[in-house]
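Participant: sequence first, predicted model second:
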Amino acid sequence: MEIFADLKWRGAINQLTDEDGLQSLLNEKQVGMYAGIDPTADSMHIGHLIPFMVLKRFQLAGHKPVIVIGGGTGSIGDPSGRNSERVLQTMEQVMHNEAALTAQMVHLFGTENFRVVNNRDWLGKISLLDFLRIYGKLFSVNTMLAKDVVASRLETGISFTEFTYQILQSVDFLELFKQEDVQLQVGGADQWGNITAGIDLIHRMEGNDAKAYGLTIPLMLKSDGTKFGKTAGGAVWLDAEKTSPYEFYQFWFNQEDADVIKYLKYFTFLSKEEIDALEVATQENPRAREAQRKLAQEVTRFVHSQAAVEEAERISAALFSGDVQDLTATEIAQGFANMPSFALTSEVKNVVDFIVDAGVDASKRQAREDVTNGAIRINGTQVTDVEAIVDPSAMYDGKFVIVRRGKKKYFLGRVQD
RNA sequence: GGGGGAAUAGCGAAGUGGCUAAACGCGACGGACUGUAACUCCGUUCCUUCGGGUUCGUAGGUUCGAAUCCUACUUCCCCCA
């Protein structure tokens, strides 16, 4: 499918500045395009992936994405989508984040037909007087105040620093237009104001016939209206240290039927035919969760690797069947990375005491009840006798004890001595 | 500043001297069912060495016996100024 039609079908387009103009540009040449990310953390989370998925599709279609790491803008703070002033980060933190994000980008985009640049390289060189004389004159405060992002903050307050953010982002677009032949900026729906400000600046500096376009992506929401990409544990990170590949896989696997097709379209590179087939499969046999499985596999492979997919599936199979005996110590460490864990000694204990000391249950009364009800499994083996004894050195090289309460609540004991 | 009312378990809310470790609803947890779902159903829901122990804003008091009566204090709400 032609890239533009494909994006529309995938529901990836919210607003466009000039559909016909962009369409014909895309037809005639390899177009440079960019999206930015401010180094506010040392990893992307899946929310960040939203504009980058679109860039990746353009890349696969032969165009050239550029990622701007906002070393300059990130030291200022984007007011978009926020109702309070950002706390500035230390420069060391910003630099550390930049390096980590760059590595993630290269992992997703490769090095062919792709660039990562840092806007500190140009923003950092502009003197205050140049800023005011060259750029400031071209921005009307009246227009800036009218942007939604700013207007919504006038009640609660916005600093001059954040107010100028849209000028900096506009300068980015202009610089990229000149240096990297970037003609399209892609961003989330809340970036519309910043993007159009950039196009206006390009027109003023480079002439009205300069071809610069903007594309925003719809706000991603779940079918129940809540925010996409959050779990009880917080954001879903791309960094395997923050969100293990197993948890990452599980996040996608657990999507609702009502959302899964939307996400397949958006977050995978499967063809329309494949996705249509999965849609039918979901309707006819929802219990198989074929679409969710495919979604989890595809996204986990894209963000991590095929090996990560296989490992995640092995851990999933073990955890959900309860057969945890066969897991290796490494797999346990991954599968339990963000599950509750507790420290223990290799001392042999009574189950009830063990459970309470582990924090699995709050009181002995509760612990006895759970044991009696058959709700407790130690290392995959059900324990129903309150007098049973737990020996931490029994399995997994004496390093771990896996406690399961109920069907799928796991707790990992790490033997300390 | 004056007057009135209320504080009960995670939350809401009954309970006005013994039958109350405290109804009921929600939530939470466990189980059955299921698709690692929703719904529904069943059970549990202060601690315990299972003998018992400690609870109804806090501290005292009355009583054989107090969540229930009295006093003081704290907090919250309402009305009047």
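Facilitator: Received, thanks.
Participant: residue A:17 against residue A:197, yeah?
Facilitator: No - Residue A:17 is not in contact with residue A:197 according to C-beta atoms under 8 Å; the separation is 11.8 Å. Where C-beta positions appear, they are placed from N, C-alpha and C, glycine not excepted.
Participant: which one's more surrounded, these two?
Facilitator: residue A:197 (24 against 17; other C-beta atoms under 10 Å).
Participant: the more buried one touches residue A:170, doesn't it?
Facilitator: Yes - counting by C-beta under 8 Å, residue A:197 touches residue A:170, with 4.6 Å between them.
Participant: mind listing what residue A:403 touches?
Facilitator: By C-beta atoms under 8 Å, 6 or more residues apart in numbering, the contact list for residue A:403 reads A:354-355, A:358, A:360, A:376-378, A:410-413.
Participant: for these, pick the one with the most neighbours.
Facilitator: Of the contacts of residue A:403, with other C-beta under 10 Å as the count, residue A:355 tops at 28 neighbours.
Participant: quick one: that one from RNA strand B, how far?
Facilitator: 11 Å (C-beta to the nearest atom of the strand, to the nearest Å).
Participant: next one: residue A:71
Facilitator: Residue A:71 sits at a distance of 39 Å from RNA strand B (criterion: C-beta to the nearest atom of the strand).
Participant: likewise for residue A:328?
Facilitator: 19 Å.
Participant: neighbours around that residue, how many?
Facilitator: Residues within reach of residue A:328, counting by other C-beta under 10 Å, total 13.
Participant: for the closest residue to residue A:32 other than its chain neighbours, grab phi and psi.
Facilitator: Distances taken as C-beta to C-beta, 6 or more residues apart in numbering place residue A:182 nearest to residue A:32, at 4.0 Å, with adjacent residues excluded. Note on residue A:182: backbone dihedrals following degrees, to the nearest 10 are phi -90, psi 130.
Participant: now residue A:341
Facilitator: The phi and psi values for residue A:341, taken as degrees, to the nearest 10, are phi -130, psi 160.
Participant: test my guess that it contacts residue A:412.
Facilitator: Yes - counting by C-beta under 8 Å, residue A:412 is a contact partner of residue A:341 at 4.1 Å.
Participant: from residue A:257, how far out is whichever residue of the stretch 201-350 of chain A sits closest to RNA strand B?
Facilitator: Proximity of the stretch 201-350 of chain A to RNA strand B (C-beta to the nearest atom of the strand) peaks at residue A:287, 3.1 Å away. From residue A:287 across to residue A:257, the span is 10 Å (C-beta to C-beta, to the nearest Å).
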